[in-house]
Each structure stands twice: as structure tokens, then as C-alpha cells.
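Asker: Task: produce atomic coordinates for the following.
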Amino acid sequence: MTSNVVPADDRSPVFFMSYAHRPNNAGDHQVKHFYDLVYSHVDELLGLPPGQDAGFIDAEMTGGQRWSDDLAYAIGHCQVLVPLVSPRYMSSEWCAREWNAFQARPVRTMDGGAPSSGELPVIPVWWTPAPLARLPKAVRDVQFFTAEGLYRPEMTRLYQREGLYGLLQLGGPGLEVYESVAWFLARRITDSYGIHDVQVADVDFTVLGTTFEGGVR
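Answerer: Prediction:
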């Protein structure tokens, strides 16, 4: 009998958070703080064993640096891609490579899983909102995390209007929404992890397109 159980270490990290670094990494600590929140929630929700990582974020790479082995492993093994979308993200060649690497990996539905229509293990999140028309078509065509279902409808609208970066600028009311978004996003990540199995792949960044429509060369 063939087992349908996928080894846990082949599905780690659970999620990969992709974002565009600012010049000199200015403000990247804010992204890292959000990542840490989501990581903690996902780890708690899944009760992961020692050695299995809830997430990965590349907090070190800047423009012109080399693709690291750790990053290649993470984008080749993670089960959910979480892009933090901003105007800078849309023009980032490194973010496009990460997107293309993940999208090239085949996805199957886990036994007993029931994804809703159009649901994919890619969950774009607004870091800094931008007009949808400015997004690359490959990104625009994926369902964004809308934060529907937050405790009050105005919280959802505030996130959709301001994005995570904007929420951090609004003081107490924004922080409440920001922390709620982190929790609801973690729930969405763990739901996807239980539904989708993304095939492990060895990633060669030299063959990855540097635009979001580029795929694998």
C-alpha cells in the first residue's frame, strides 16, 4: 500500500514571506516584526515538532547579492507563498524570481482537502496598496488576502485601504487591525497547508525569469 502522507520535513518551512527590500534595508524591521507575528501564530496553530519551521523570510538580501542556499531550499520546499505586495515589490527582480520558482512547482490537493474555487497556496497581502491595474497580470489574477471576517467591517476596510505599512502609521486603531490581520492570515496559511501539497523542487535561480510573467526560462 502506498502512503499518501507527505514527510513533515519535506513540507517545511510552511510559508515563505516574499517582500521587496528598501534601499539600505530601511524599514525592513517592520516587515520582520509582521513575519514574526505570523510565524508565531502558524507554529501555535499547527503545533509543529522541533526542527520543522513555520516560515522563512530573507532578511539579509539586498540588491545585487547572490541567491543563498537557504533561500533556494525554502522557496523549493515551502507550502504557501505570502507576497507582501507594494509598488516596490512589483519592480523587484528578486521577488519575481521567488514568485516564478514557487509557481513552477506542481500542486495537488491533499486527501480530504476541499479548496474553494480559485484558491491557491499563494496569498498576496497588501503591504502598501497600489492600483490593481499597476500589478503584473500574474499577480493581479491571484486572489488577494482581503481580511474579510475581521471582528468589525471597518477593520477590514481599513486594512484594504491602508495596507499593513499604513496601519502601522495610524497608532492604536491601526495596530489593533494590524495584529488582527496577522492572526487571520496565519489561519489562512494553516488552512492552505492542510489542503494543498506543493511538490518539492531543487531551485536554480539562473533559469528563473526576472519579471512576474517570466516563468522559467
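Asker: bridging residues for the spatially most central residue of the chain?
Answerer: The centre of the chain sits closest to Val82, judged by C-alpha atoms, centre = their mean, with a distance of 0.8 Å. For Val82, the beta-bridge partners are Met17 (DSSP bridges).
Asker: Would you mind confirming that it is in contact with Pro121?
Answerer: No - counting by C-beta atoms under 8 Å, Val82 stays clear of Pro121, with 9.7 Å between them. Using the backbone N, CA and C atoms, a C-beta is placed for each residue, glycine as well.
Asker: the strands in the protein, which residues?
Answerer: 15-18, 55-57, 80-85, 107-109, 125-126, 196-198 (DSSP state E).
Asker: right, so these: which one is the most enclosed?
Answerer: Burial of the strands of the chain is given as mean neighbour count (mean count of other C-beta atoms under 10 Å); strand 15-18 ranks first at a mean of 27.
Asker: and stretch 35-42, what's its mean pLDDT?
Answerer: The average pLDDT within stretch 35-42 is 98.
Asker: how about that stretch: buried residues?
Answerer: Going by neighbour count (16 or more other C-beta atoms under 10 Å), the buried part of stretch 35-42 is Tyr35, Leu37, Val38, Tyr39, His41, Val42.
Asker: got a list of contacts for that stretch?
Answerer: The contact list for stretch 35-42 (C-beta atoms under 8 Å, 6 or more residues apart in numbering) reads 14-15, 17, 48, 54-55, 57, 82, 179, 182-183, 185-187, 189-190.
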